[in-house]
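Colleague: Here's a sequence, model it:
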Amino acid sequence: MPGYSVRQQGIFAEIEAVSGTAETIVAADALLIENLTFNPAESMRMIERNSINSSLNPRKSIYGGSLLGFQFDVELKGSGTAGTAPQALGDLLRACALSETIVAVTSVTYAPLSDLSLHESATIALRQGSNYRIARGCRGNVSFKFPTGDICKAHFNMVGHIQSEAQTAAPTPTFQAGTPPAFIDVAFTVAAAEFPIAELALDLQNKISIAPDPNATQGFGEVRVTGRTSQLTLDPEDQGISTKDWVGIMRAGTSQAVATGTVGGTAGNRFALSVPLAYERQLAFADREELVIAQITMGCEDTNGTNDLALAFT
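Modeller: Got it, this is the predicted structure:
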């Protein structure tokens with residue numbers, strides 16, 4: 001009996017016009033992904049039966065419903081045309097409670113969205129050999145890594161309702177053209193001053209809430225994002241106190257702007273992350289290449305609903 005290779009897998013994603021109502025997946029919804037993990041038993045309930053009987057073993061557990069979970073990495077790259085959202089990647093970002101603002105022929109910007117009524121969801125399809133599974137109403141969390149001298153990536157952790165599961169043909173994927181730029185030749189800054197780092201990371205840390213619903217097939221209601229504690233981590237080389245006093249800044253609770261600068265040099269395939277107000281939450285010191293570095297964890301300050309970060313494709 002033939003199996004299938006890990007390379008015979010794929011993810012498709014499409015934003016839903018009506019949250020929770022599955023969209024028809026087409027070839028252009030395909031994504032180039034890495035590090036795929038599929039959980040067919042996300043939030044699964046197995047009901048234990050503790051009936052007293054003549055055996056020391058309990059009675060057989062009863063299945064009480066589950067969802068579908070997906071984790072995977074996606075390369076950060078533009079659509080190839082400034083002002084056009086990146087294929088499928090943009091839909092996944094929107095399904096992580098981020099707004100999408102398009103300025104024609106100029107930019108597409110993603111920023112945190114706190115109004116639950118405006119949150120969108122996505123239909124996600126998984127191809128595994130000849131098996132094809134579709135989940136609807138998917139929402140989740142995204143984190144980003146910007147490693148110096150390497151490709152920047154987004155890591156998605158998504159969950160949704162079972163729409164269909166069958167051994168059937170999936171669309172033949174049509175992937176977005178172009179290659180991702182490396183994280184080099186940028187102006188990475190903290191408080192407008194440049195610092196050498198090995199890696200910058202950002203995790204939205206979305207809180208996913210799934211209420212019970214007996215009216216639903218699997219007994220789960222809508223998947224929702226109900227909280228967020230966005231967090232940055234970075235590892236700049238330490239400086240003299242008069243140049244950059246990381247300890248004093250932490251003690252004073254001073255917020256600082258953190259920005260990657262523009263990654264990439266070609267219009268339509270450039271992007272930049274900016275955090276206007278980042279404050280230190282944890283600080284330690286270590287070494288890299290026999291140089292002392294600061295290991296910093298920062299929170300992203302939200303001022304009265306003002307966006308605490310932005311990822312812009314230009």
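Colleague: Could you use CA atoms for every contact and neighbour count after this?
Modeller: Noted.
Colleague: most distant residue from the middle of this structure?
Modeller: Ranking residues of the chain by C-alpha distance from their mean position (Cα atoms, centre = their mean) puts residue 54 at the top, at 50.6 Å.
Colleague: pLDDT below threshold where in this protein?
Modeller: Residues of the chain meeting the criterion pLDDT under 70: 1, 304-306.
Colleague: the helices in it, which residues?
Modeller: Taking DSSP state H to define them, one finds helices in the chain at 89-94, 246-252.
Colleague: Mind putting those into CSV with distance to residue 38 and mean neighbour count?
Modeller: Output for these, formatted as CSV (distance: least, Cα to Cα, whole Å; neighbours: other Cα atoms under 10 Å):
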stretch, distance to residue 38, mean neighbour count
helix 89-94, 16, 24
helix 246-252, 40, 14
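Colleague: In JSON lines, list the ones you listed along with distance to residue 265.
Modeller: JSON lines is the format used below for the helices of the chain (distance: least, Cα to Cα, whole Å):
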{"stretch": "helix 89-94", "distance to residue 265": "20"}
{"stretch": "helix 246-252", "distance to residue 265": "32"}
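Colleague: Tell me which of these sits nearest to residue 199.
Modeller: For residue 199, the closest of the helices of the chain is helix 246-252, at 17.5 Å, according to Cα to Cα.
Colleague: Which residues does the closest one contact?
Modeller: If you take Cα atoms under 8 Å, 6 or more residues apart in numbering as the criterion, helix 246-252 is touched by 279, 280, 281, 283, 294.
Colleague: how about the strands of the stretch 51-200 of the chain, start to end?
Modeller: 59-63, 67-75, 98-103, 107-112, 122-128, 131-147, 153-167, 189-190, 193-194, 199-203 (DSSP state E, counting those that start in this stretch).
Colleague: on that earlier part again, which among the helices of the chain is found nearest to residue 153?
Modeller: For residue 153, the closest of the helices of the chain is helix 89-94, at 10.9 Å, according to Cα to Cα.
Colleague: Centre of the chain to that closest one, how far?
Modeller: The chain centroid and the centroid of helix 89-94 are separated by 9 Å under Cα atoms, centre = their mean, to the nearest Å.
Colleague: Generate a PyMOL selection restricted to the buried entries among the contacts of helix 246-252.
Modeller: Burial among these is assessed by 16 or more other Cα atoms under 10 Å; the matching PyMOL selection reads:
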select buried, resi 279+280+281+294
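Colleague: could the contacts of helix 246-252 be laid out in JSON lines, adding distance to residue 80?
Modeller: JSON lines is the format used below for the contacts of helix 246-252 (distance: Cα to Cα, whole Å):
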{"residue": "279", "distance to residue 80": "34"}
{"residue": "280", "distance to residue 80": "36"}
{"residue": "281", "distance to residue 80": "37"}
{"residue": "283", "distance to residue 80": "39"}
{"residue": "294", "distance to residue 80": "36"}
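Colleague: Looking at the contacts of helix 246-252, which is nearest residue 90?
Modeller: Closest approach to residue 90 among these (Cα to Cα): residue 279, at 27.8 Å.
Colleague: give me the number of residues near the nearest residue to that closest one once chain neighbours are set aside?
Modeller: Nearest residue to residue 279, sequence neighbours excluded (Cα to Cα, 6 or more residues apart in numbering): residue 255, at 4.4 Å. Other residues lying near residue 255 total 18 when counted by other Cα atoms under 10 Å.
Colleague: So residue 255 sits against residue 277, correct?
Modeller: Yes: if you go by Cα atoms under 8 Å, residue 255 and residue 277 touch, sitting 5.1 Å apart.
Colleague: list residues touching both of the two?
Modeller: The contact sets of residue 255 and residue 277 overlap at residue 301 (Cα under 8 Å, 6+ apart).
Colleague: Any idea what the residue nearest the centre of the chain is bridged to?
Modeller: Centroid check for the chain by Cα atoms, centre = their mean gives residue 142 as the closest residue, at 1.5 Å. Using DSSP bridges, the bridge partners assigned to residue 142 are residue 156.
Colleague: How much space separates residue 20 from residue 207?
Modeller: Per Cα to Cα, to the nearest Å, residue 20 is found 19 Å from residue 207.
Colleague: Many thanks, we can stop here.
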